[in-house]
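S.K.: Here you go, sequence then predicted model.
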Protein chains: 2
Amino acid sequence: MSNSELKEALDTLKATGVRITPQRHAILEYLIKSMSHPTADEIYKALEGKFPNMSVATVYNNLRVFREVGLVKELTYGDSSSRFDYVTSNHYHVICESCGKIVDFHYPALDEVEQLASHVTGFKVSHHRMEVYGTCPDCQKKDVH
Amino acid sequence: MSNSELKEALDTLKATGVRITPQRHAILEYLIKSMSHPTADEIYKALEGKFPNMSVATVYNNLRVFREVGLVKELTYGDSSSRFDYVTSNHYHVICESCGKIVDFHYPALDEVEQLASHVTGFKVSHHRMEVYGTCPDCQKKDVH
DNA sequence: TTATTACTTTATAATCTTTATAATTAGTGT
DNA sequence: ACACTAATTATAAAGATTATAAAGTAATAA
């Protein structure tokens, strides 16, 4: 359940060489267990009790790290501050146009796109597909030489 | 072409009782002719020559007015400032799984997905594709009977 | 054309979110 | 435990957007 999700998240961090600090642990735990889309400030305030000395910058820094690793999505709706969403299970593919290699990358499902398509066209939407195309790091090196 | 678009836009303003000031005219014209997604500040700087005394607040105020009237869409991608888009024609496809019909729907390009994929996988991304699948209104009716 | 009125613009300041900096602290692999 | 390097803290700064009040101006009708 959410505990195994946390464990998975920590494994992801370890695998990508991101240090696991108490603050990171707490922020991740909060994101996973809160089941909401908190702002950075909400997270900061929620963890004030546990980490009285934690800086807001730490929250922002770590949310950025999580986002870069694909664990968290930053939602930029219209309002003034970003909201952060723990990414559960969805992933898409990046495909190398040179050698055909396929690599997973995590990204939350594009629910909003489905909703909009459904609303605008009257379709009853069942699913969608998306792929990103480009050149993998190996082939980029080859191209240079 | 873009001139008639501008004319249409001005008609829309008139029809909705929004005053047409020189600044509004210029901002609209810039949005339509620039063919880009400028930030408020970019618009401000672009019109500096024509309106040396124009305030940034004027740009923001009017972009809000245009948005409220539906002439402009505010795009909140990841970066720090909003971008403003004059109703354009980016689109994807919805495909009926029952009869194969394909219908366009408009949606801003998923630049953010490309960026994330590129960052996480190291690929040099060239493009992406996305389709939504479902049942078209006609086939929904058939299914019922 | 001119007067009126309400809406706009300008200039400035304030607010709020997010990032940068530098010194200190603390994970992690050996 | 040690050394290496990254992360945290505290603070300041930057940057985007909004608020305010005074001055200006577009639209309308007499």
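M.R.: Done, it's in.
S.K.: From here on, just use CA atoms for contacts and neighbour counts.
M.R.: OK.
S.K.: I figured residue A:56 hits residue A:42, correct?
M.R.: No. Between residue A:56 and residue A:42 there is no contact under Cα atoms under 8 Å: 10.3 Å.
S.K.: Give me the common contacts of these two.
M.R.: Between them, residue A:56 and residue A:42 share no contacting residue under Cα atoms under 8 Å, 6 or more residues apart in numbering or on different chains.
S.K.: my read is residue A:88 is in a strand, agree?
M.R.: No. Assessed with DSSP: H, G, I helix; E, B strand; the rest coil, residue A:88 is coil; it does not lie in a strand.
S.K.: which bits of chain A sit near chain B?
M.R.: A:68-70, A:74, A:76-78, A:94, A:96, A:103, A:105, A:107, A:113-114, A:117, A:120-137, A:140 (Cα under 8 Å from any Cα of the partner chain).
S.K.: near DNA strand D, from those?
M.R.: Among those, no residue sits close to DNA strand D (Cα under 7 Å from any atom of the strand).
S.K.: Make a ChimeraX selection of the buried ones in the residues you listed.
M.R.: Listed next is the ChimeraX selection for buried residues among the residues of chain A next to chain B, using 16 or more other Cα atoms under 10 Å in any protein chain shown:
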select /A:69,70,74,76,94,96,103,105,107,113,114,117,123,124,125,128,130,131,132,133,134,135,136
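S.K.: Now intersect the residues of chain A next to chain B with the helices, please.
M.R.: A:68-69, A:113-114, A:117, A:120-121, A:137, A:140 (DSSP state H).
S.K.: Which of the residues you listed sits closest to DNA strand C?
M.R.: Proximity of those to DNA strand C (Cα to the nearest atom of the strand) peaks at residue A:68, which lies at 12.0 Å.
S.K.: Show me what the longest strand seen in chain A is packed against.
M.R.: Secondary structure of chain A per DSSP state E: the longest strand is strand A:124-135. Using 3 or more Cα pairs under 8 Å, 6 or more residues apart in numbering or on different chains; DSSP states H and E, the elements in contact with strand A:124-135 are strand A:91-96, helix A:111-121, strand B:124-135.
S.K.: Can you lay out those as CSV showing mean pLDDT?
M.R.: Below are the helices and strands packed on strand A:124-135 laid out as CSV (pLDDT from 0 to 100):
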stretch, mean pLDDT
strand A:91-96, 80
helix A:111-121, 79
strand B:124-135, 85
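S.K.: So which of those is nearest DNA strand C?
M.R.: The nearest among those, by Cα to the nearest atom of the strand, is helix A:111-121 at 20.2 Å.
S.K.: How about residues contacting the closest one?
M.R.: Contacts for helix A:111-121 (Cα under 8 Å, 6+ apart): A:123-125, A:127-128, B:94, B:103, B:105, B:107, B:132, B:136.
S.K.: cool, and stretch A:84-91?
M.R.: Applying Cα under 8 Å, 6+ apart, the set of residues contacting stretch A:84-91 is A:31-32, A:36-40, A:63, A:70-75, A:104-109.
S.K.: wouldn't residue A:54 be in contact with residue A:43 here?
M.R.: No. Contact between residue A:54 and residue A:43 fails when scored by Cα under 8 Å: they sit 11.0 Å apart.
S.K.: more crowded one of those two?
M.R.: residue A:43 (21 against 15; other Cα atoms under 10 Å in any protein chain shown).
S.K.: From residue A:58, how far off is the more buried one?
M.R.: 11 Å (Cα to Cα, to the nearest Å).
S.K.: same question, residue A:119
M.R.: 40 Å.
S.K.: got the residues of chain A near DNA strand D?
M.R.: A:18-19, A:21-24, A:51, A:53-58, A:61-62.
S.K.: 10 Å instead?
M.R.: A:13, A:16-27, A:44, A:48, A:50-63, A:65, A:78-81 (Cα under 10 Å from any atom of the strand).
S.K.: If any of those residues are buried, put those into a PyMOL selection.
M.R.: Entered in PyMOL, the line below selects the buried ones among the residues of chain A next to DNA strand D, by 16+ other Cα under 10 Å:
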select buried, chain A and resi 13+23+24+25+26+27+44+59+60+63+65
